[in-house]
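K.L.:
take this sequence and fold it.
(2 chains)
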Amino acid sequence: MSTVSRRRAKRRARPRNSLRATFSGLAAIAEKPPMSNQKQPSQQKPAGNAPASAISPTRAENYPEWYQQVVRAAELAETSDVRGCMVIKPWGYALWENIQRSLDKMFKDTGHKNAYFPLFIPLSYFEKEAEHVEGFAKECAVVTHHRLKPGTKADGKQGLVPDGELQEPLVVRPTSETIIGASFAKWVESYRDLPLLINQWANVVRWEMRTRLFLRTAEFLWQEGHTAHATRDEAMEETLKMLEVYADFAENWMAMPVIKGEKTEGERFPGAVNTYCIEALMQDRKALQAGTSHFLGQNFAHASDIKFSDAEGKISHAWTTSWGVSTRLIGGMIMTHADDDGMVLPPRLAPSHVVIIPVTHKPETAQAVLDYCNRLAADLRKIPYAGRTVDVEVDNRDIRGGDKAWQWIKKGIPLRVEVGPRDMAEDSVFMARRDRAHKDKVAVKRDEFVATVTQILEDMQSTLFARAKAHREHNTKRIDSRAEFEAFFGAKQEEDGAAAAQGGFALVHYAPDRKVEDELKAKFAVTCRCIPLEGADEPGSCIFTGKPTTRRAVFAKAY
RNA sequence: CGGGGUGUAGCUCAGCUUGGUAGAGCGCUUGCUUCGGGAGCAAGAGGCCGCAGGUUCAAAUCCUGUCACCCCGACCA
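P.N.:
Next up is the predicted model:
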């Protein structure tokens, strides 16, 4: 298109930026009875031009845009100049480090060891498992050259151009089953070498078409566990054990309730025999797959030739598993806990638990207040909490107190503590909790605050979980007919392009059927999230095909 | 890969139709007054107008090419 016509088109199509387009999933948030336990500050505008909420637009106005603004305002991450890639900023990375630390401990406690495998996977390795190839082929970054040279007229390029073509292209790992399988094949000879329980913390690349910070980026950080076992049962046990670890982590550390379940065929990991997952419900009532654990059978053992001799000297292929969670968990935390004022961090994973804001605008008391704050910080930092000690920021930056407080609100720090000359005189602090309204502040004696800080944090942790769980329950519905199902989710898109009703979790009798799933996905953007592992069997008949079933499955729109 | 759109200050954008030598808001810096919840006034810094060609006395603006990014679809932790 020429420059002219582009420009003209721009002028014609003026009413763009329908940023405020209303979001029909609004009810989910507007109602959200359990989400606001404190009395609202009755929407009265704070002094000046300050907006009613720190994040604009609000969740009800435009949820996807709200999400992006929270990521930005909380300084968790930003987009980079590299297509589809994000820069994880210190506050966001510290959150990831805390996720890593907590999960890593759980992996070690279940007998796993960390190792590191190459980023580059020879194409020939990748080709070994047919379904695996098919599943990932379309989203691979491929390294084809190993050198650069100055461009020439003949190349029609200036600057540097790739040179030195590789004999065999290298795939930038989208996942590591094949490269780790190659190592496992060498490491495993005897049944005495099994089980082999390995985990890797790494980055992976999947050349996604559409990206969203933390939820889907071309490069992301994750952990991938890979294990090999002598028997099918043992491998299956491992698969489910790690699913349990993920569920435990999600609920007890992230304060994000999850449903453990098994994926249907269409949603299975390419190359897996069974895929299990944890699924969470976000505030806009869309589901998020927050972690997966795969029983790989002997598929990859065959592909990579992972063989061992058993006690009788008979050679057989090992049974393998793989399981992973990624930086997507951070997206899940945002969409589970954050509000219209920004991020809300579950205390056990918060990069920092307490910010102390010295009120030092009177020069004569400034130093004394600051000293008092530093002593308070030092005392707090000695207190053990959630596998580390209480982390404290003393924010004595030379900026206005209001700005300072709001920055920390947006970052989601659990506790804000103001200390001014008046508080110091009474040996008390002025404390605000991020899970309550921002004006809801209480004076607490300093020693009492120090003595109860971990209790307060734990109370916040359980409050966040309870709210999220109530939200999920409020938006989970047992549905027994196709008509009801369709009404619950509505059309795929409204006429104006805005997202349609998100529905929530629908529990329906469903006999797995690829064709049904394809149709539901096309018409309603709804997918079968999983068949829950827990809960009693309940005979019924599939609402789509009438076939007999023994359990209900979970359907939802999903990220 | 299809369909649509956009590149101008750190950010969000105006200016382009009808060419005349660069604008606003926010942010940033400085000063004064404010200051226990997002301040006010004043001054200031900051731009190869995505890139390369072309037309013209003159190009952010017109023409040609090119690159990048965004949105919708297919795909997806």
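
K.L.:
near RNA strand B, which residues of the stretch 251-400 of chain A?
P.N.:
Contacts of the stretch 251-400 of chain A with RNA strand B, taken as Cβ under 7 Å from any atom of the strand, map to A:267, A:269, A:277, A:289-292, A:324, A:326-328, A:341, A:359, A:361, A:399-400. C-betas here are computed from N, CA, C, even on glycine.

K.L.:
among the residues you listed, which one lies nearest to residue A:301?
P.N.:
Nearest to residue A:301 out of these is residue A:269 (Cβ to Cβ; 15.6 Å).

K.L.:
in contact with that closest one, which residues?
P.N.:
A:135, A:263, A:275, A:292, A:294, A:322 (Cβ atoms under 8 Å, 6 or more residues apart in numbering).

K.L.:
and it, how far from residue A:131?
P.N.:
As judged by Cβ to Cβ, to the nearest Å, residue A:269 and residue A:131 stand 9 Å apart.

K.L.:
then residue A:96?
P.N.:
For residue A:96 relative to residue A:131 (Cβ to Cβ), the value is 31 Å.

K.L.:
likewise for residue A:88?
P.N.:
Distance check for residue A:88 against residue A:131: by Cβ to Cβ, it reads 32 Å.

K.L.:
now swap in residue A:322 and tell me
P.N.:
Distance from residue A:322 to residue A:131, by Cβ to Cβ: 14 Å.

K.L.:
give me the more crowded residue out of these two.
P.N.:
Using other Cβ atoms under 10 Å as the criterion, residue A:322 and residue A:131 rank with residue A:322 on top: 26 against 14.

K.L.:
where does the more buried one sit: helix, strand or coil?
P.N.:
Recorded secondary structure, residue A:322: strand (DSSP: H, G, I helix; E, B strand; the rest coil).

K.L.:
which strand residues bridge it?
P.N.:
Residue A:322 has these beta-bridge partners by DSSP bridges: residue A:226, residue A:294.

K.L.:
contacts only, for it.
P.N.:
So residue A:322 contacts A:175, A:177, A:224, A:225, A:226, A:227, A:269, A:272, A:293, A:294, A:296 (Cβ under 8 Å, 6+ apart).

K.L.:
closest to residue A:143 out of those?
P.N.:
Nearest to residue A:143 among the contacts of residue A:322 is residue A:175, at 16.6 Å by Cβ to Cβ.

K.L.:
helix or strand for that closest one, which one?
P.N.:
Using DSSP states H and E, residue A:175 falls within no helix or strand.

K.L.:
okay, now it: neighbour count?
P.N.:
Residue A:175 has 23 neighbours, counted by other Cβ under 10 Å.

K.L.:
ok, residue A:109 next?
P.N.:
9.

K.L.:
and for residue A:288?
P.N.:
23.

K.L.:
how about stretch A:526-540 against RNA strand B, any contact?
P.N.:
No. When contact is scored as Cβ under 7 Å from any atom of the strand, no part of stretch A:526-540 falls within range of RNA strand B; the minimum is 9.0 Å.

K.L.:
how many neighbours does residue A:239 have?
P.N.:
Counted with other Cβ under 10 Å, residues neighbouring residue A:239 total 27.

K.L.:
low-confidence ranges, chain A, go.
P.N.:
Scanning chain A for pLDDT under 70 picks out the ranges A:1-51, A:151-159, A:491-501.

K.L.:
can I see the domain layout of it?
P.N.:
A:92-119+A:173-336, A:354-466, A:476-557 (automatic domain parsing).

K.L.:
most tightly surrounded among these?
P.N.:
Ranked by mean neighbour count, the domains of chain A are led by domain A:92-119+A:173-336 with a mean of 20 (mean count of other Cβ atoms under 10 Å).

K.L.:
among the contacts of residue A:269, which one sits closest to RNA strand B?
P.N.:
Nearest to RNA strand B among the contacts of residue A:269 is residue A:292, at 5.3 Å by Cβ to the nearest atom of the strand.

K.L.:
tell me the contacts of the closest one?
P.N.:
Neighbouring residues of residue A:292 by Cβ under 8 Å, 6+ apart: A:263, A:269, A:275, A:276, A:277, A:323, A:324.

K.L.:
do that again at 7 Å, thanks
P.N.:
Counting by Cβ atoms under 7 Å, 6 or more residues apart in numbering, residue A:292 touches A:269, A:275, A:276, A:277, A:323, A:324.

K.L.:
secondary structure class for it?
P.N.:
Residue A:292 is classified as strand under three-state DSSP.

K.L.:
count of residues packed around the residue nearest to residue A:160 when sequence neighbours are not counted?
P.N.:
Residue nearest to residue A:160 in three dimensions, not counting chain neighbours: residue A:148, with 4.2 Å by Cβ to Cβ, 6 or more residues apart in numbering. Other residues near residue A:148 come to 12 when the count uses other Cβ under 10 Å.

K.L.:
what's the host helix or strand of residue A:148 in contact with?
P.N.:
Element membership of residue A:148 [criterion: DSSP H and E] is strand A:142-150. With contact meaning Cβ under 7 Å, 6+ apart, strand A:142-150 is reached by A:120, A:160, A:161, A:162, A:163, A:164, A:165, A:166, A:169, A:170, A:171, A:172.

K.L.:
and RNA strand B, is that strand touching that?
P.N.:
No. Counting by Cβ under 7 Å from any atom of the strand, RNA strand B is not contacted by strand A:142-150; separation bottoms out at 13.5 Å.

K.L.:
what is the subsequent helix or strand relative to that strand?
P.N.:
Next helix or strand after strand A:142-150 toward the C-terminus (DSSP H and E): strand A:160-172.

K.L.:
just checking, what packs against the helix or strand that that next one is followed by?
P.N.:
Counting by DSSP H and E, the element after strand A:160-172 in chain order, helix or strand, is helix A:177-187. The helices and strands touching helix A:177-187, judged by 3 or more Cβ pairs under 7 Å, 6 or more residues apart in numbering; DSSP states H and E, are helix A:123-126, strand A:196-205, strand A:219-229, helix A:299-304.

K.L.:
try it again with 6 Å
P.N.:
Based on contacts counted as 3 or more Cβ pairs under 6 Å, 6 or more residues apart in numbering; DSSP states H and E, the elements that helix A:177-187 packs against are helix A:123-126, helix A:299-304.

K.L.:
TSV for the ones you listed, including distance to residue A:518?
P.N.:
What follows is those, written out as TSV (distance: least, Cβ to Cβ, whole Å):
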stretch	distance to residue A:518
helix A:123-126	27
helix A:299-304	24
